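K.L.:
Fold the following, please.
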Amino acid sequence: MLKKSDSVVMESAELKGFGEPDEVRDFPKGRLELINIAGATVGRAILQPGWRWSTSVKPMAQTKSCEAPHFQYHVSGVLRIRMDDGEEFDCKPGDVSSLPSGHDAWVVGNEPVVIVDFQGMIDYAKKK
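P.N.:
Okay, the predicted model is just below:
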């Protein structure tokens, strides 16, 4: 039987959707929706044109660059990543990226970026 639950112990199947997230965090030009399922937190970020981590989230994080590691699926839009070592690349729809701590990111173009992140969103854009 399929059961919707917040259970940490997986005793039965679970089903959740971003239509009813467990938590929502709004920040300049962006929104993060979080669901808790099977003991994990999955986040969907919706980033508007003009969003950039260093201007939209850095004031909350109070770190030089994003320290959250990410393992994410890129649903729509183009997100440019610049690692602290200078490496730079674009993530496009259908891409899966694994980013260690130490990066900046920004929306390229006029289409919103939508990302589903399976690792680094539990403390992302959390007000201190």
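K.L.:
going forward, measure contacts between C-alpha atoms and count neighbours the same way
P.N.:
Will do.
K.L.:
Quick check: buried residues in the helix or strand bottoming out on mean pLDDT in the chain?
P.N.:
When each helix and strand of the chain is scored by mean pLDDT, DSSP states H and E, helix 58-61 comes last, with a mean of 85. The neighbour-count check on helix 58-61 (16 or more other CA atoms under 10 Å) flags 58, 61 as buried.
K.L.:
Can you list the neighbours in contact with that helix?
P.N.:
Here helix 58-61 makes contact (CA atoms under 8 Å, 6 or more residues apart in numbering) with 64-66, 124-128.
K.L.:
and if we set it to 7 Å?
P.N.:
125, 127 (CA atoms under 7 Å, 6 or more residues apart in numbering).
K.L.:
just stretch 26-35 next, same as before
P.N.:
18, 21-25, 41-48, 51, 56.
K.L.:
go on, stretch 70-81?
P.N.:
Here stretch 70-81 has contacts from 88-100, 103-108, 111-120, using CA under 7 Å, 6+ apart.
K.L.:
In strands only, show me those.
P.N.:
88-91, 96-99, 103-108, 113-117 (DSSP state E).
K.L.:
Out of the residues you listed, which end up buried?
P.N.:
Judged by 16+ other CA under 10 Å, buried ones among the ones in strands among the contacts of stretch 70-81: 91, 96, 99, 103-108, 113-117.
K.L.:
ok, which stretches of this protein are helices?
P.N.:
Taking DSSP state H to define them, one finds helices in the chain at 53-56, 58-61.
K.L.:
Adding distance to residue 72, write those helices out as CSV.
P.N.:
Shown next, in CSV, are the helices of the chain (distance: least, CA to CA, whole Å):
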stretch, distance to residue 72
helix 53-56, 16
helix 58-61, 20
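K.L.:
And for residue 55, the neighbour number?
P.N.:
14 (other CA atoms under 10 Å).
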